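Peer 1: structure, please.
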Amino acid sequence: MQKTSEASAPLKGVRPGLSDDMSSATQDLCVYCFEVLLARLQGTPQPSLKGQTDESPVREVPGLFVSWHNPAGLRGCIGSLQPVELERGLSDCALSSAFRDRRFPPISLKEVKSLTCRVSILHTFEPCQDPTDWKVGVHGVTVSFTASLCILCPCSTCRYTATLLPEVILEEGMTQEAALDNAIRKAGYRGLCTSRLMSSVEATRFQSATSDLSFQTFANR
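Peer 2: Residues are numbered from 1 along each chain as shown. Predicted structure coming up:
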């Protein structure tokens, strides 16, 4: 499963615009992520998604992200932009975001009680006609482009890619221009964002169904 990391912002509950059924199902998926995390930290057998939710564990979703947050902000976020079986994707991303996000130290058992889990099910992937062919508040965006590694070595090029989730763009209050600049920097590019560079950017837009669950709510369910 191809994985990528993402930045995020303070949590604000279930995203508006979701049906009650979708919100409920996504909350159940957050429960499963907490169960998987606790099983790994406590050395117990990994749970099955069956029984946690009415969703089929073998259902394939177009993409998903799992992120962990504490009162200070983001604690880890890893996801897949490729189709993945729901149970496998949730388990892999829950553990990878907890232990293998290189921006943060691994999550410990003692801090689990301070965490909130967010699950984002990605859908409706569409190629953009140009880098601005998407809407803030509706879409997330993945950008890809080829550029030189540095000014001193223009003949040596690298493929850059980065993703911003819809909810991150909205919560951070980014304009479309700011989001594109953020994505280009997030991809690791340190050169000038010229019109020539922007014209070479390939973009894909997508949407997400997202929900959050705090450990307190998980423990009291």
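Peer 1: in what helix or strand does the most centrally placed residue in the chain lie?
Peer 2: Centroid-nearest residue in the chain: residue 65, 3.7 Å away (criterion: C-alpha atoms, centre = their mean). Here residue 65 sits within strand 63-70, counting by DSSP states H and E.
Peer 1: now for that strand, which elements pack on it?
Peer 2: The contact analysis (3 or more C-beta pairs under 8 Å, 6 or more residues apart in numbering; DSSP states H and E) places strand 63-70 against strand 73-80, helix 86-99, strand 116-127, strand 202-214. Where C-beta positions appear, they are placed from N, C-alpha and C, glycine not excepted.
Peer 1: which strands or helices does the third one pack on?
Peer 2: By that I understand strand 116-127. If you count contacts as 3+ C-beta pairs under 8 Å, 6+ apart, strand 116-127 packs onto helix 20-42, strand 60-61, strand 63-70, strand 202-214, helix 215-219.
Peer 1: need the winner for burial among the ones you listed.
Peer 2: strand 63-70 (a mean of 25; mean count of other C-beta atoms under 10 Å).
Peer 1: quick one: that one to chain centroid distance?
Peer 2: Here the centre of strand 63-70 is set off from its chain's centre by 5 Å, with C-alpha atoms, centre = their mean, to the nearest Å.
Peer 1: helix 86-99 and that one, what's the angle between them?
Peer 2: Here strand 63-70 runs at an angle of 40 degrees relative to helix 86-99 (axes from the mean of the first three to the mean of the last three C-alpha atoms, to 10 degrees).
Peer 1: parallel or antiparallel, list what pairs with strand 63-70.
Peer 2: Using DSSP bridges, the strands paired with strand 63-70 are strand 73-80 (antiparallel), strand 116-127 (antiparallel).
Peer 1: pull the contacting residues for the closest residue to residue 207 other than its chain neighbours.
Peer 2: In this structure, residue 207 finds its nearest non-sequential neighbour in residue 124, 4.6 Å apart by C-beta to C-beta, 6 or more residues apart in numbering. Contact analysis of residue 124 by C-beta atoms under 8 Å, 6 or more residues apart in numbering lists 62, 206, 207.
Peer 1: still on that earlier bit, and the strands paired with strand 63-70, which is most packed in?
Peer 2: Ranked by mean neighbour count, the strands paired with strand 63-70 are led by strand 73-80 with a mean of 23 (mean count of other C-beta under 10 Å).
Peer 1: how about it as CSV, C-alpha atoms only?
Peer 2: The C-alpha coordinates for strand 73-80 follow below in CSV (Å, rounded to 0.1, in the frame of the first residue of the first chain):
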residue,chain,number,x,y,z
GLY,A,73,-2.1,19.6,17.5
LEU,A,74,-1.1,16.9,15.0
ARG,A,75,0.6,13.8,16.5
GLY,A,76,0.9,11.7,13.3
CYS,A,77,-0.8,11.2,10.0
ILE,A,78,-0.3,8.5,7.3
GLY,A,79,-2.6,7.6,4.4
SER,A,80,-3.0,5.8,1.1
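Peer 1: so for that strand, mean pLDDT?
Peer 2: Regarding strand 73-80, the rounded mean pLDDT is 96.
Peer 1: many thanks, we can stop here.
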